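**Q** A predicted structure for the sequence below; I have some questions about it.
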Amino acid sequence: MHTLTDHIGLYTDFYELTMAQSYFFTERIDDVATFDYFFRSTPFDSGYVVYAGLEELLSLITKFSYSQEDIDYLRKQGMKEEFLNYLKDFRFSGNIYSVKEGEIVFPNEPLLTVEANLIEAQLIESLILNYLNFQSLIATKARRIRDVAGERSFADFGLRRAQTLGSIHAARAAVIGGADSTSNTYAGMMYDIPVSGTQAHSWVQSFDDEIEAFRKYAEINPDNTVLLVDTYDTLKSGVPNAIKVAKEMEKQGHRLKAVRLDSGDLAYLSRKVRKMLNKAGLDYVGIVASNQLNERIIKSLIKEQGAKLDGFGVGTELATGQEDGALGGVYKLVESDGKPRLKISENVEKISLPCNKKLVRYFDEEGKFYRDGVLLRDQNPELTIFHPFHYHLNTDVSKLKYEILTEQVIKGGEICIGLRTLKEIKQYSLERFKQLSEEHKRFISPHTYKVGVAKDILDIRDKLIAEVEKDF
Ligand SMILES: Nc1ncnc2c1ncn2[C@@H]1O[C@H](COP(=O)(O)OP(=O)(O)OP(=O)(O)O)[C@@H](O)[C@H]1O
Ligand SMILES: O=P(O)(O)OC[C@H]1O[C@H](OP(=O)(O)OP(=O)(O)O)[C@H](O)[C@@H]1O
Ligand SMILES: O=C(O)c1cccnc1
């Protein structure tokens, strides 16, 4: 079977190739362009997004090339010989700047900027959007789940419901957002994620008696037994049988790890089950839940209904990013041929910010995120930032502590940062999340985090808009 990396140059929308060919024949190979990746609104009505997918993306960009087989295929699609010749030696040789993977980010921020010749910058567009949009979506979902799950265990169960191989990237992103483990063994090996698993109804059903199923499983997996107690009747059969087996395990010097609830009223059942386990002297046995869970249900279970749950397995809603399914991040040309460029839209909020820019974060006295500023690449961050459309709303941030969030990650086609382990990215993301004020984390109408823009950029934008309007 073909692997993606063997044909990574083809992992692009065909129009990128036809545009690249056209740039080639109009002799614009050396035109330098700058593109920004950003999104305009958050998924899930969230107050923030967890930026994910970057480090995998960078590795793929450095491998972006065309094999002979790829060239032959493109020839069959009608691409011209001289351009195919050019693609033979194609490598991305430009610069990329980005916010760190795991960062907490907001709408309309230039998160990743590509500086390269037009052909190179264009050919990697689809790959950038494909990696950053999906993983940021899932990492955000996971962070929302982790935020309400607190210290309880949280496992990704998404493999069976994900968009096929998307499950692998979903597992990675889920960890960045705070998941502890995945049921996806392949992703576990690929990314060094702890793998975890309980048992399915089929195991229990395959025995004549539920207790026999529990006993056998415990015998074979004495150090890692989680019994699924809802196959027949949770309170009358599943839990009493689990208690019997737990007692038998104690005699052998082992401990039942947990029971899993997968149907019914999870709050009611968990409280009942907790009492039954405790009464039997099994306070140490945990109760985990699954069944179409999401952050809102988990929040209600824990915070409103007093559910006695120690962990969650989340599949469908996590790996498919429900209710939203996609983060609508875009990749827009902001400068080319040394000139700032603009994408005009009927909807003023959709007019892009021109110029080669950077993202700066300002902090309040408690070290919490206060404002983000979009500045020119070389601009001094000690200034006043403005609302992108209502200039009377502005903030003097010149005296505040700040961090420049965008760093160079690829220089002349080579990765120029030390790539981190997934654990390190996860830890970084958690630390950053702690610096986000609570009002941005709530599920209902989260407070909008303010992102200001340097006046110089707005002036250039307004001048470009006036020039375009003059022509109509
Ligand atoms: N106490 C609760 N509060 C809020 N949501 C809950 C609670 N208990 C369970 N849920 C959620 O309600 C939904 C229950 O789905 P459903 O109606 O399919 O019931 P079920 O018990 O799973 O039935 P089935 O036996 O067909 O699986 C799931 O999404 C589950 O996570
Ligand atoms: O509900 P999700 O969040 O998508 O989590 C994954 C679901 O997959 C399993 O059910 P399934 O019925 O597929 O198999 P089972 O026989 O193991 O319960 C598991 O029991 C969860 O309910
Ligand atoms: O380990 C589990 O319990 C599990 C894994 C995947 C899907 N559902 C359940």
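**A** Noted; the coordinates are in hand. Predicted, not measured: the structure shown is a model, and the values here were computed from it. Residues are numbered from 1 along each chain as shown. Ligands and ions are numbered 1, 2, ... in the order given.

**Q** neighbours of the residue in the stretch 51-200 of the chain positioned nearest to ligand 2, how many?
**A** Nearest residue of the stretch 51-200 of the chain to ligand 2: Ala200, at 3.1 Å (CB to the nearest ligand atom). All C-beta spots, glycine's among them, are computed from the backbone N, C-alpha and C. Counted by other CB atoms under 10 Å, the residues lying close to Ala200 total 12.

**Q** check which helix or strand covers the residue of the stretch 351-472 of the chain found nearest ligand 2.
**A** Taking CB to the nearest ligand atom, ligand 2 has its nearest neighbour within the stretch 351-472 of the chain at Phe443, 18.4 Å off. In this structure, Phe443 sits in neither a helix nor a strand according to DSSP states H and E.

**Q** cool, and Lys358?
**A** strand 357-363.

**Q** what residues of the helix or strand just after that strand count as buried?
**A** Going down the chain from strand 357-363, the next helix or strand is strand 369-376, by DSSP H and E. For strand 369-376, a neighbour-count test (16 or more other CB atoms under 10 Å) marks Phe369, Tyr370, Arg371, Asp372, Gly373, Val374, Leu375 as buried.

**Q** try stretch 186-201
**A** Quick answer for stretch 186-201 (16+ other CB under 10 Å): Ala187, Gly188, Tyr191, Ile193, Val195, Ser196, Thr198, Gln199.

**Q** what's the most distant pair in those residues?
**A** Pairwise distances across these peak at 24.4 Å for Tyr191 and Gln199 (criterion: CB to CB).

**Q** look up the closest residue to the closest residue to ligand 2 within the stretch 301-450 of the chain, ignoring the ones flanking it.
**A** As assessed by CB to the nearest ligand atom, ligand 2 sits closest to Gly315 within the stretch 301-450 of the chain, at 2.7 Å. With sequence-adjacent residues excluded and distances taken as CB to CB, 6 or more residues apart in numbering, Gly315 is closest to Phe157, at 3.6 Å.

**Q** pLDDT wise, what is the residue most central in space within the chain at?
**A** Central residue of the chain (CA atoms, centre = their mean): Ser136, 2.4 Å from the mean position. pLDDT recorded at Ser136 is 98.

**Q** who's in contact with it?
**A** Phe39, Val49, Val50, Tyr51, Ala52, Gly53, Ala173, Leu327, Gly329 (CB atoms under 8 Å, 6 or more residues apart in numbering).

**Q** just the buried subset of those residues, written out for ChimeraX, thanks.
**A** Buried residues within the contacts of Ser136, by 16+ other CB under 10 Å, are selected in ChimeraX with:
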select :39,49,50,51,52,53,173,327,329
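
**Q** residue in the stretch 351-472 of the chain nearest to ligand 3?
**A** Closest point on the stretch 351-472 of the chain to ligand 3, by CB to the nearest ligand atom, is Leu422, at 20.1 Å.

**Q** list the residues that contact that residue.
**A** Arg172, Val175, Ile176, Tyr191, Asp192, Ile193.

**Q** would you mind measuring from the second one to ligand 1?
**A** In this case it means Val175. Distance, Val175 to ligand 1, using CB to the nearest ligand atom, to the nearest Å: 22 Å.

**Q** I'd say that residue and Asp192 touch.
**A** No. With contact defined as CB atoms under 8 Å, Val175 does not reach Asp192; the gap is 9.6 Å.
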